[in-house]
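> below are the sequence and a predicted model; questions follow.
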Amino acid sequence: MKDLVSAPRPSCPSLRRVTATDDEKENAMEYGLPLSHALNTVCLSEYLLYYFLTCGAERDNITILVGFVLVFTKVMLIAIARMYLGMHSLLDVMAGISFGVVILAFWIKVHGYVDDFVINGQNVTSFMAILSLLLCFAYPTPEVPTPSFDYHAAFTGVAFGIVSGVQQTYHHFHHENIPQIFSPQLPITFLIGRVLIGIPTILIVKFCSKAIAKWLFE
């Protein structure tokens, strides 16, 4: 969306954009609309609240109200912080929240069908691989080069990995005999060992796959 719209970040002589780290400097090279921080927070936080309210025990009105207030406060604080840092305008914030609400409403309607397809569908990995390639090749060309395509390729690769991994392993890890964390079959020491090995492996694969994707599609 950012490269499609190509709306610049706020520009004003009295505005000082705060970029303290290399990541922030790279992020500042992107276009501004929509505010992805607000979009992602609306989608993830509201869906987490939705899941909590629909999949757990019955909740009273106070619990629902507190949940919505916490999510609203979090979104507003993030939006204000991004404007304070000079990264986004009020229009960017409104667009990000609006897109987030639309995406969330759509996902709530279809997530059950998507889950069923990913878990029990046919040719899921092939479908996701083709879709990932199409998404990369269909990426819009911005007015000036930005890091957004790098993030797009990384997110698309992660989505492909999650979908193909869940499709192939879901039934192996969702049954009555699966070991539970902190049980004799899966003690804390074994869990820590998995984490110590798994996290570095994930990071290595991430950097390598991102570099390969950039080389293939740029």
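Great, that's in hand.
> which one is Pro10 nearest to, not counting chain neighbours?
Ser89 (4.8 Å; Cβ to Cβ, 6 or more residues apart in numbering). (Each C-beta comes from the backbone N, C-alpha and C, glycine too.)
> next, count neighbours for Phe106.
Using other Cβ atoms under 10 Å, the number of residues around Phe106 comes to 10.
> how far does the host helix or strand of it sit from the chain's center?
Using DSSP states H and E, Phe106 maps to helix 90-120. Between the centre of helix 90-120 and the centre of its chain there are 11 Å (Cα atoms, centre = their mean, to the nearest Å).
> can you check stretch 178-192 too?
29 Å.
> quick one: average confidence on it?
For stretch 178-192, the mean per-residue pLDDT is 77.
> quote the end-to-end distance of it.
Start-to-end span of stretch 178-192 (Cα to Cα, to the nearest Å) is 18 Å.
> quick one, what contacts the spatially most central residue of the chain?
By Cα atoms, centre = their mean, the chain has its centre lying nearest to Asn40, at 6.3 Å. Asn40 sits next to Gly100 when contact means Cβ atoms under 8 Å, 6 or more residues apart in numbering.
> and the angle for the host helix or strand of it with helix 90-120?
Asn40 belongs to helix 36-55 when assigned by DSSP H and E. Orientation of helix 36-55 against helix 90-120 (axes from the mean of the first three to the mean of the last three Cα atoms, to 10 degrees) gives an angle of 50 degrees.
> this structure: helices as residue ranges?
Taking DSSP state H, the helices of the chain run over residues 2-5, 22-27, 36-55, 61-84, 90-120, 124-137, 148-173, 188-217.
> show me how far the last one is from its chain's centre.
Centre-to-centre, helix 188-217 and its host chain are 17 Å apart (Cα atoms, centre = their mean).
> for that helix, packing partners?
helix 124-137, helix 148-173 (3 or more Cβ pairs under 8 Å, 6 or more residues apart in numbering; DSSP states H and E).
> list the buried ones in the longest one?
Meaning helix 148-173. 148-154, 156-157, 160-161, 163-164, 167 (16 or more other Cβ atoms under 10 Å).
> can I get those residues in CSV including distance to Ser98 and pLDDT?
Shown next, in CSV, are the buried residues of helix 148-173 (distance: Cβ to Cβ, whole Å; pLDDT from 0 to 100):
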residue, distance to Ser98, pLDDT
Ser148, 19, 86
Phe149, 24, 86
Asp150, 25, 82
Tyr151, 21, 84
His152, 21, 88
Ala153, 26, 84
Ala154, 25, 82
Thr156, 23, 90
Gly157, 28, 85
Phe160, 28, 92
Gly161, 30, 90
Val163, 27, 93
Ser164, 32, 92
Gln167, 32, 90
